[in-house]
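**Q** Got a predicted model here, sequence first, then my questions.
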Amino acid sequence: MASVRAIQVTFDCATINPGDLVVTEVMIDPASTDTGLEWFEVYNTTAAPIDLAGLVLTYRQGATAPRTHLVRSSVVVPAGQAVAVG
């Protein structure tokens, strides 16, 4: 049976209101020796596109120290759609 890990996720971006983006999936540190396979998916609940550029995703896995991911380039989430970023 697969184990489920508790993950706490928060966003830091002045132009996004609470509830505008919903984290729908997260892949944090898959079990392997390679890097760069981490990703997250967000759903835009609004009627307008949202650009994720500059968004900082902060997450914590269990009791570990918080980690962050900065979206460095323009990634537009269309209204009512989801986008995976990693």
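**A** Cool, the structure landed.
**Q** where are the low-confidence patches of this protein?
**A** 1-14, 29-37 (pLDDT under 70).
**Q** Quick check: beta-bridge partners of residue 61?
**A** Following DSSP bridges, residue 61 is listed with bridge partners residue 7.
**Q** wait, it sits on residue 27?
**A** No. Using CB atoms under 8 Å, residue 61 is not in contact with residue 27, being 11.4 Å away. C-beta here means a position set from N, CA and C on the backbone, and glycine is covered the same way.
**Q** Of those two, give the one with the bigger neighbour count.
**A** Applying other CB atoms under 10 Å to residue 61 and residue 27 shows that residue 61 carries more neighbours, namely 15 against 12.
**Q** Could you report the separation of that one from residue 38?
**A** 11 Å (CB to CB, to the nearest Å).
**Q** Over to residue 80?
**A** According to CB to CB, residue 80 stands 26 Å off from residue 38.
**Q** between the two, who's got more neighbours?
**A** Legend: neighbour count by other CB under 10 Å for residue 80 and residue 38, higher for residue 38 (15 against 12).
**Q** That one against residue 25, yeah?
**A** No. Look at residue 38 against residue 25 with CB under 8 Å: they stay out of range, at 11.7 Å.
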